[in-house]
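Asker: Here is my input; please provide its structure:
(chains A and B)
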Amino acid sequence: MLEIRLHGRGGQGAVTSAELIAIAAINKGNFAQAFPSFGPERRGAPVVAFCRVDDKKINIRAKVYKPDVVIVLDPGLLSLLDPTEGMGEGGILIINTKKKPQEVAIAPGRSIKVVTVDANTIATEELGRPIVNTTMLGGFIRATGLIGIDDIKEPLLERFGKKLGERNLKAMERAYQEVSIGE
Amino acid sequence: MARQRKGIEVSIAMADAVAQANVDVIAAYPITPQTHIVEHLSEIVANGELDAEYVPVESEHSAMSVCCGSSAVGARTFTSTSSQGLALMAEIFYIAASMRLPMVMALANRSLSGPLSIWNDHTDTMMVRDAGWIHVFVENGQESYDNVFCGFRISEDPSVMLPLAVNLDGFILTHMIEPVIYEDNETIRKYLPEVRMKNALHPDNPVSMGCFAMPEIYTEAQMGREQGLLDAYPAVVKAWKEWGDLTGRYYRPVETYRTEDAEYCIVTMGSYGETAMEVVDALREEGEKVGVVKIRLWRPFPFEDFRSAVEGKKSLIVVDRAISFGGPGGPVALELRSALYGRPNAPAIVNYVAGLAGRDVARSDFRKIILEGKAKASKGETEGFTLYGLRG
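Answerer: Sure, this is the predicted structure:
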């Protein structure tokens, strides 16, 4: 089972990212869960969303405490929280930042793979505003190989409609190409 | 709709099930965490995908009143609520059962104020435990979807004619995206016949309902309610069996997991049953002889199923999601203690109350509850209850 935690701010679409990963995995015949950190929705406040993917039925009704993958949609959150909390050796940390993985001073000396995507730039260019949830999925797909770009196409187009969906898809594909994966 | 497996939010799947059940009337007032269910239903009706009356009432009291009226004329009736909404409809909630009005409610369980909280536990449903409704608890999205159909089938069964609540944990289930298998409409039509009421309100055949009762008849009316709820049991079992025969997914009033050779068991109701199974699997690897007993049918309480599920066990660790203040602890443990009272070799019962107002109960917590509970039982510490995770 792969456990994923997403950090974002209310309105950035962290929950949507978790949903799209889960639906893509389920459509492939796998089992998955996606859920928000339950509570009132507050635009701009730090939010957490969770996702689990497995090849058998998932029987856990609790938050993710030991994530294998963490996605940070908003680099500003890095000064507020430790994105690697609960993460074991071999974890993957995917951050929206202009920096290269070796420039990100998170978890030095730990065997955590840092992956960076300049998602603000990509999303601004492709979508006209820095809503990075779908862009970051490109980085996630490249870094984990859990699902393919093709798997996420259908749920993405269903979610956003053809016009907006295709622009989001383009942003995701760019992130897939432009991602920087650390050692 | 063809049979298909979908990744979908449980609330949406439940609303889709209500539409597939071809309901006639939906009356509801939005309240967290039930909101997505009725929002989606209002969309379905507004889009013309379901020929039903969606009555956007001004309060839950009115929602339940509309449901009583629509059920009384023989319309298939659905509503959904949570917490404070249920509290506001409590008056009419009791009356629905007393008047033997079939309907299905999705009760997205949430804590009651105060303090004000929107999160999940079972304090709302326990408030109406004694109203005379049939109460079913589900533990995942598929069970939520399935039990909409089973719910209508049971509730409208001529031998039952009682309202039924499908209890699903708020947020934990309502806001979860997971795989749900949708059955095709043909299967649903086969399983769920058109609603037929023997004594529906109709101008051509006038009947009186909900009459005033003098002391001379109130006692008998209450006995009728009690007997009616007890008589619902075989219809519940039959409806679940037939659903299983059609879909392969069988439900039973009390369900067990790895209990055959278990010396002790954890007992849960609702979605906690899933995490409990996961933790029991891990403890089994370590040699613990532990199993899970899950209460699915809460009213009418399946005493015999429960007793046979726990026969020969040394102890039971019961996880409640509500407190009966000033009383013996959690309502489920109370029920189980009285089910076993005075029986020879009955298992000892240790009661925990956990996960109030959405406080997360992780695998490590279940593990602690199980092992600590087992130790308490062996030391004979079975009085009262422990509020798990209480901070000093």
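Asker: averaged over its residues, what pLDDT does stretch B:152-172 have?
Answerer: The average pLDDT within stretch B:152-172 is 97.
Asker: Can you give me the end-to-end span of it?
Answerer: End-to-end distance of stretch B:152-172 (C-alpha to C-alpha, to the nearest Å): 24 Å.
Asker: Can you point out the buried residues in it?
Answerer: B:152-157, B:160-172 (16 or more other C-beta atoms under 10 Å in any protein chain shown). Where you see a C-beta, it was placed from the backbone N, CA and C, and this is true even at glycine.
Asker: Also within reach of chain A: list those from those residues.
Answerer: Counting by C-beta under 8 Å from any C-beta of the partner chain, B:169, B:171-172 from the buried residues of stretch B:152-172 sit close to chain A.
Asker: May I see those residues arranged in CSV, with secondary structure as well?
Answerer: Shown next, in CSV, are those (DSSP: H, G, I helix; E, B strand; the rest coil):
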residue, secondary structure
B:Asp169, strand
B:Phe171, coil
B:Ile172, coil
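Asker: Helices - which of the buried residues of stretch B:152-172 land there?
Answerer: B:152-155 (DSSP state H).
Asker: what's the closest of those residues to B:Asp365?
Answerer: B:Ile154 (33.9 Å; C-beta to C-beta).
Asker: you'd agree that closest one is up against B:Leu164?
Answerer: Yes - in this structure B:Ile154 lies within contact range of B:Leu164 using C-beta atoms under 8 Å: 5.8 Å.
Asker: Quickly list what's touching both of the two.
Answerer: Here B:Ile154 and B:Leu164 share the contacting residues B:Ile134, scored by C-beta atoms under 8 Å, 6 or more residues apart in numbering or on different chains.
Asker: residue contacts, the residue of chain B found nearest chain A?
Answerer: Residue nearest to chain A within chain B (C-beta to the nearest C-beta): B:Gly7, separated by 3.3 Å. Going by C-beta under 8 Å, 6+ apart, B:Gly7 touches A:22-27, A:32, A:155, B:177-179.
Asker: Now the longest helix anywhere in chain A: buried residues?
Answerer: Using DSSP H to define each element, chain A has its longest helix at helix A:149-178. Buried residues in helix A:149-178, counted by 16+ other C-beta under 10 Å: A:149, A:151-153, A:155-157, A:159-160, A:165, A:167-176, A:178.
Asker: That helix near chain B at all?
Answerer: Yes - with C-beta under 8 Å from any C-beta as the measure, helix A:149-178 is seen reaching chain B through A:Pro155.
Asker: Mind telling me what element A:Ile122 is part of?
Answerer: helix A:119-127 (DSSP states H and E).
Asker: same check, this time on A:His7
Answerer: With DSSP H and E as the test, A:His7 turns up in strand A:2-9.
Asker: That strand: how far from the chain's middle?
Answerer: The chain centroid and the centroid of strand A:2-9 are separated by 6 Å under C-alpha atoms, centre = their mean, to the nearest Å.
Asker: Contacts made by the next helix or strand after it with the rest, please.
Answerer: Heading C-terminal from strand A:2-9, the first helix or strand you meet, by DSSP H and E, is helix A:14-27. Outside helix A:14-27, the residues that touch it by C-beta under 8 Å, 6+ apart are A:4, A:6-8, A:31-36, A:47-53, A:71, A:73, A:133-134, A:136-137, A:140, A:146-147, A:151-152, A:154-156, A:159, B:5-8, B:177-179.
Asker: Make a PyMOL selection of the buried ones in those.
Answerer: A single PyMOL command selects the buried members of the contacts of helix A:14-27 (16+ other C-beta under 10 Å):
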select buried, (chain A and resi 4+6+7+8+31+32+33+34+35+36+47+48+49+50+51+52+53+71+73+133+134+136+137+140+146+147+151+152+155+156+159) or (chain B and resi 6+7+8+177+178+179)
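Asker: among the contacts of helix A:14-27, which are in strands?
Answerer: If you go by DSSP state E, the contacts of helix A:14-27 have A:4, A:6-8, A:31-36, A:47-53, A:71, B:5-8, B:177-179 in strands.
Asker: Show the model's pLDDT score for the nearest residue to A:Glu154 once chain neighbours are set aside.
Answerer: Sequence neighbours aside, A:Asn27 is the residue nearest to A:Glu154 in space, at 6.7 Å (criterion: C-beta to C-beta, 6 or more residues apart in numbering or on different chains). You'll see A:Asn27 listed with a pLDDT of 97.
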